[in-house]
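Peer 1: Here is a sequence together with a model predicted from it:
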Amino acid sequence: MPDNIYLPELARIAYIKDEVYGERAIKTFRVEPVEGELFKHECGQCAMLSIFGRGESMISIASSPLIREYKQFSIMRVGRVSSAFHDLAVGDVIGLRGPYGNSFPIDDWRGKNLYFIGGGCGLAPIWPVITTAVAQRASFKNITVFYGGRTSRDIMYRAELEKLRDSVDVHLSIDKAEEGWDGYCGFVPAAVMDKDPVPDNAIAITCGPPIMIKFVIQNLNKLGFKDEQIYTTIENKMKCGLGKCGRCNVGKDYVCVKGPVYSWAELKHLPEEY
Amino acid sequence: MFLYFSASPRIRVNIFWFRLARLRFKIMEKILNKKHIDDWIAALDGWDIQAPVLEDDIWSYQPVGGAVRLDHPNTKQSPKGLAFPQREIFFKFEQIKGEAPRLTEVVPDERRHAVFGVRPCDGRGVPRMDLVFNDHVEDNYYLARRKNVAYVGLACNKPPSANCFCLSVGGSPVSTEGLDVQMTDLGDRYFVKAITEAGKGLMTAAGKLFAEPSAADQKQVKQVHAEAVAQPQRAVRNVEEVPAKLKASFKSPLWQELAQPCIGCGICTFLCPTCHCFDINDEVQSKAPLKGIRVRTWDNCQFPDFTMHSSGHNPRENTGARLRQRVGHKFQYFPENFGMPQCTGCGRCISECPVGIDIINVVNKVVENAG
Amino acid sequence: MIKIQDIRDTARDLLTKGEVRAVIGYRRGSRGMLAEPTFITSPEQADELVWDPTCFHNLSLYLVHDRKFLAHIRKNPEAPVAIVAKGCDARSIVVLMQEHYFKREDVYIIGVSCEGTGVLDERKLAPHLKGVQASNAAFDGNDFVFTTSEKLLAGHPAEGEKRLPAREVMADRCLECRIPYPREHNVVFGEDKTGRQLAEPFAALTRFEAQGAGTRWDFWSHHFDRCIRCFACRSVCPMCYCDECVVDSITFPVTTETTAEDKANRIRWIERSAVRSENITYLMTRAMHLAGRCTDCGECERACSVNIPLRLLNNKMEREAREQFGFEPGASIGGPSLVASFLDSDPGDFIR
């Protein structure tokens, strides 16, 4: 059947990196097409990755749309399918279908100051926006990244973040003090307050554990950020990714279609069911 | 009328073309003597026919070759399984580790199916399912099956169930929405009316079996239909006001109170003509080399783990939240997206719930409480 | 004859004195004559309690729900829960106690005897009413009395009464029941009609087994093919309380503490597909897991959306339990459960 929405394209694992070790291990994968080219995507969109025989998982595409050679996914080992991903080797072939969901309106943000606020593996969904903005650096004013992990070992994309310091203000934090850590110690929402970001001509993009997002938004409001200036990306359990299986809805919106990207102005009107 | 004006622009366009097409469509109304019904079925060469059969004390649609009776109340399960089966295989996969897998689509077969005895509530369920499976992107599997199914409806001279409420959700016991043919029982004969071209085709195939309706026939049909609509039914009150009232009731403690007896089974959703939730799973048949199938199966928002995240977080972690989801979907979210209630008032979820959770009661109580 | 006022007074009294925190009972539902489960927490609500032939639900299921809820919020019960229980239901409660699901003092059993007439089987009633709706059902000695009134559908009043001998429309399980009386109770209403059985225990099973193996396999294949895995049978059964059902690959109690390993290594014993092989495994395994535990409340068969005669499967196991071990689930509160114990006198003739 032409354009079978449930039939995945095939992609080969070209690169695997251990980002974070331990109980909440995160690995970064880069996949290349087996044949032809992979679909194009926009910042914030996701894809359904298949391990045949195990199942599918909806993962944010972590690479910038400007990169055509591969697509990047950072996957935390939490369950059945993600564990199978962690057992993969370079050269293994997986399935891929997408892109799904809406995207960050990055074009509307040209000429503005961007604040990225991430926690844990929440850096991955907003990473494409960060890297696209940096690639088109002249289009944006100040770019600041706040990113925190529980401990220094939970910080992902460490090397890439360090490389950004040339053109971006990077503020890393960890929850509790550690020997050898001279950055901020405390939760991410507090790390943000510590630097007093200014709302004028600014957009804040945040992603991380739900409790972090809640307090980040509260703090941003306190600093004078309006609801339309704050963006986030939410997640829900998904199976089809196409607004049909009925699982991921928050109120009338299927997160896989109308989301996962939302401004706080829109999100606060949806029922608290995510 | 409210249906048209409250609908989103996209739906208005669709309704407009549908109505235009109907206007251009030349009416075909005939009389079929009841003793010829099996002959009609026999004349439908190349069609697989399904009709209600009483087996194991329940009425269900089953393949029939003849001996068709249309004296059923309503079937236990809706006819949604013809276009949206309980289980279908998307594709087969075969993979040797390190190599690309071979994926083989399983394409639904091309045989045409005609299902007889479809009640108007189930008929109205069809376009509601069509909306879901066409919205945003087209579901290839659903459409491949759907285009080969014709629905031959049977008007309800009296309500088949004490829990019918089609009138209060925009339907009627004589509605033709979603049907290809409508039959009305006139005692010893049926008044048979084609609603679509496909329906006309079904009737034309049996040509000589059908007679022209007389003036008396036309009068009788009108009378039967008028009496049918006048039969009393249960009702959801003021369905147009329900979406806003439900929206205002998201945090109401009534949901948990009304859901307390709920046992979390799948009866209400599996039997519903418009419930469409599904799951996708890989089923492994052999490990080395890996061989298996990717399968779609009906799923159900009332199962406790339906929305459970892998992290252990469950946005709908009690029966109240899940009841609110189902009722909200039927009477708030679907109307907000498509301009009409998703529920067609067939009453199955009310009659079949093992513990008596009653959607009419739930909606009316929550709305009343919303003030 | 039971006076409903006695049940209501008992419930009101218990709640007023704070002796229990809730009373699980029956009240009139919104579907004509049918009763439905209710959970009352204040004395004023006691007047909604009813007792009639449509009180067929096994309310002990809700004791399990209550216990699970308490475990989820990590609280101990502050007071017992009272429950209206028929003979069959009281036996379920005993089994749950034998399995240490809760303690005897956590439950206040308001026993009600069906006085030998059992409860209604709606399917058996349907042909008698011929499509007319009943608005009320009542016990009357050896009969059930149905009030047929179209008042439900306003505008067409057609009052009438239909009296039927209970044995014509009572549930099959009630026909075979030997002890239609809640032996375990804190208070009980109604006479003990033990020994009034109308059919031999396992009568339906015996009739069924008289057929040849080929016929029986065809019969079961037909039904296994029809199962849609709505899981109503499991959901309505008080004994199916496992958080992790071994034959359900989807329901898995995941908490924030469940490790990735646990989730990754969870075996899928059956697939989601509702096909014969998976359905057989599901239904047979459930029957096996109920061996020695099923009190034949019949709810699984009543709830089944496609009318699979599930009692036959469970009864087969219970007859084995009775013949091999002399064991009857829920018959007496003392003693361990069947599968959690063995006696020296247990049959050993299968050991060669």
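Peer 2: Perfect, I can see it now.
Peer 1: Who are the contact partners of the nearest residue to B:C166 once chain neighbours are set aside?
Peer 2: When the adjacent residues along the chain are set aside, B:C166 lies closest to B:G345, with 3.7 Å between them (C-beta to C-beta, 6 or more residues apart in numbering or on different chains). For every residue, glycine as well, the C-beta is placed using N, CA and C. By C-beta atoms under 8 Å, 6 or more residues apart in numbering or on different chains, the contact list for B:G345 reads B:121, B:164-169, B:171, B:233, B:236.
Peer 1: Please report the distance of B:G345 from chain A.
Peer 2: 20 Å (C-beta to the nearest C-beta, to the nearest Å).
Peer 1: Let me know the secondary structure of that residue.
Peer 2: Following DSSP: H, G, I helix; E, B strand; the rest coil, B:G345 is assigned to coil.
Peer 1: Now the element after the one helix or strand B:S351 maps to, going C-ward?
Peer 2: If you go by DSSP states H and E, B:S351 is part of helix B:348-352. The helix or strand immediately downstream of helix B:348-352 is helix B:359-370, counting by DSSP H and E.
Peer 1: Could you list the alpha-carbon positions for that following helix in PDB?
Peer 2: Extracted C-alpha coordinates of helix B:359-370, given in PDB (Å, rounded to 0.1, in the frame of the first residue of the first chain):
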ATOM      1  CA  ILE B 359     -23.300   6.900  30.600                       C
ATOM      2  CA  ILE B 360     -26.600   8.800  30.400                       C
ATOM      3  CA  ASN B 361     -26.700   9.000  34.200                       C
ATOM      4  CA  VAL B 362     -23.100  10.000  34.400                       C
ATOM      5  CA  VAL B 363     -23.400  12.800  31.800                       C
ATOM      6  CA  ASN B 364     -26.700  14.200  33.300                       C
ATOM      7  CA  LYS B 365     -25.400  14.100  36.800                       C
ATOM      8  CA  VAL B 366     -22.000  15.800  36.000                       C
ATOM      9  CA  VAL B 367     -23.700  18.400  33.900                       C
ATOM     10  CA  GLU B 368     -26.400  19.100  36.600                       C
ATOM     11  CA  ASN B 369     -23.600  19.400  39.200                       C
ATOM     12  CA  ALA B 370     -21.600  21.800  37.000                       C
END
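Peer 1: all strands of the stretch 51-200 of chain A, in order?
Peer 2: Using DSSP state E, counting those that start in this stretch, the strands of the stretch 51-200 of chain A run over residues A:55-60, A:71-76, A:93-100, A:113-119, A:143-149, A:169-174, A:184-185.
Peer 1: who wins for proximity to chain B among those strands?
Peer 2: strand A:93-100 (4.4 Å; C-beta to the nearest C-beta).
Peer 1: can you list contacts of the closest one?
Peer 2: By C-beta under 8 Å, 6+ apart, strand A:93-100 touches A:5-13, A:31, A:34, A:38-42, A:45-52, A:56, A:58, A:61, A:71, A:88, A:241-242, A:256-257, B:95, B:98-101, B:103.
Peer 1: in it, what's buried?
Peer 2: Judged by neighbour count using 16 or more other C-beta atoms under 10 Å in any protein chain shown, the buried positions of strand A:93-100 are A:93-100.
Peer 1: thinking again about what came up before, from the contacts of strand A:93-100, which land in strands?
Peer 2: Among the contacts of strand A:93-100, the ones falling in strands (DSSP state E) are A:9-13, A:31, A:46-51, A:56, A:58, A:71, B:95, B:103.
Peer 1: So which residues on the stretch 151-274 of chain A come close to chain B?
Peer 2: Within reach of chain B by C-beta under 8 Å from any C-beta of the partner chain, the stretch 151-274 of chain A has these residues: A:210, A:235-237, A:239-240, A:242-252, A:257, A:271-274.
Peer 1: rerun at 7 Å
Peer 2: A:236-237, A:239-240, A:242-247, A:249, A:251-252, A:257, A:271, A:273-274 (C-beta under 7 Å from any C-beta of the partner chain).
Peer 1: Quick one: the strands in chain B, in order.
Peer 2: Taking DSSP E as the test, the strands found in chain B are B:28-33, B:47-55, B:58-63, B:87-95, B:102-105, B:112-118, B:149-154, B:181-185, B:189-194, B:278-286, B:290-298.
Peer 1: Count the neighbours of B:I31 for me.
Peer 2: Using other C-beta atoms under 10 Å in any protein chain shown, B:I31 has 19 neighbouring residues.
Peer 1: close enough to count as contact, it and B:A211?
Peer 2: Yes: if you go by C-beta atoms under 7 Å, B:I31 and B:A211 touch, sitting 4.6 Å apart.
Peer 1: got any residues that touch both of those two?
Peer 2: With contacts taken as C-beta atoms under 7 Å, 6 or more residues apart in numbering or on different chains, B:I31 and B:A211 have no neighbour in common.
Peer 1: Can you show me the helices along chain A?
Peer 2: With helices called from DSSP state H, chain A shows them at A:80-86, A:123-135, A:158-164, A:188-195, A:210-222, A:264-267.
Peer 1: highest average neighbour count across the ones you listed?
Peer 2: helix A:123-135 (a mean of 24; mean count of other C-beta atoms under 10 Å in any protein chain shown).
Peer 1: Just send the contacts of B:G345 back as TSV, with neighbour count too.
Peer 2: Output for the contacts of B:G345, formatted as TSV (neighbours: other C-beta atoms under 10 Å in any protein chain shown):
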residue	neighbour count
B:C121	30
B:C164	30
B:F165	24
B:C166	25
B:L167	19
B:S168	19
B:V169	23
B:G171	24
B:Q233	21
B:V236	22
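Peer 1: Which ones among those residues lie within helices?
Peer 2: Using DSSP H, these in helices are B:C121.
Peer 1: Among the contacts of B:G345, pick out the one closest to C:P329, please.
Peer 2: The nearest member of those to C:P329, counting by C-beta to C-beta, is B:C164 at 40.9 Å.
Peer 1: Buried residues in stretch A:52-66, which are they?
Peer 2: A:52-65.
Peer 1: Restrict it to CA atoms and write it as CSV.
Peer 2: Taking Å, rounded to 0.1, in the frame of the first residue of the first chain, the C-alpha atoms of stretch A:52-66 are listed here in CSV:
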residue,chain,number,x,y,z
PHE,A,52,11.5,-5.5,15.4
GLY,A,53,10.3,-8.1,17.8
ARG,A,54,10.3,-5.7,20.8
GLY,A,55,8.2,-2.8,19.8
GLU,A,56,8.2,0.9,19.1
SER,A,57,9.1,3.9,21.2
MET,A,58,8.4,7.6,20.5
ILE,A,59,11.7,9.5,20.9
SER,A,60,12.4,13.2,20.2
ILE,A,61,14.7,13.8,17.3
ALA,A,62,17.7,15.4,19.0
SER,A,63,19.6,16.5,15.9
SER,A,64,19.1,19.7,14.0
PRO,A,65,17.1,19.6,10.8
LEU,A,66,20.1,21.2,9.2
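Peer 1: Can you name the residue of the stretch 51-200 of chain A nearest to chain C?
Peer 2: Counting by C-beta to the nearest C-beta, the stretch 51-200 of chain A gets nearest to chain C through A:S83 (3.5 Å).
Peer 1: Assess the claim that that residue and C:A264 are in contact.
Peer 2: Yes: contact criterion C-beta under 7 Å: A:S83 and C:A264 qualify, at 3.5 Å.
Peer 1: Now for residue 89, how many residues are close by?
Peer 2: In the absence of a named chain, this looks at chain A. 9.
Peer 1: Wait, chain C was what I had in mind.
Peer 2: By other C-beta under 10 Å, neighbour count at C:D89 equals 28.
Peer 1: phi, psi of it?
Peer 2: phi -70, psi -40 (degrees, to the nearest 10).
Peer 1: For PyMOL, write a command that selects the buried ones of the contacts of strand A:93-100.
Peer 2: Buried residues among those (16+ other C-beta under 10 Å), as a PyMOL selection:
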select buried, (chain A and resi 5+6+7+8+9+10+11+12+13+31+34+38+41+42+45+46+47+48+49+50+51+52+56+58+61+71+88+241+242+256+257) or (chain B and resi 95+100+101+103)
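Peer 1: can you pull the contacts of A:I117?
Peer 2: If you count contacts by C-beta under 7 Å, 6+ apart, then A:I117 has A:146, A:188, A:192, A:204, A:206, A:216 around it.
Peer 1: Thank you, goodbye.
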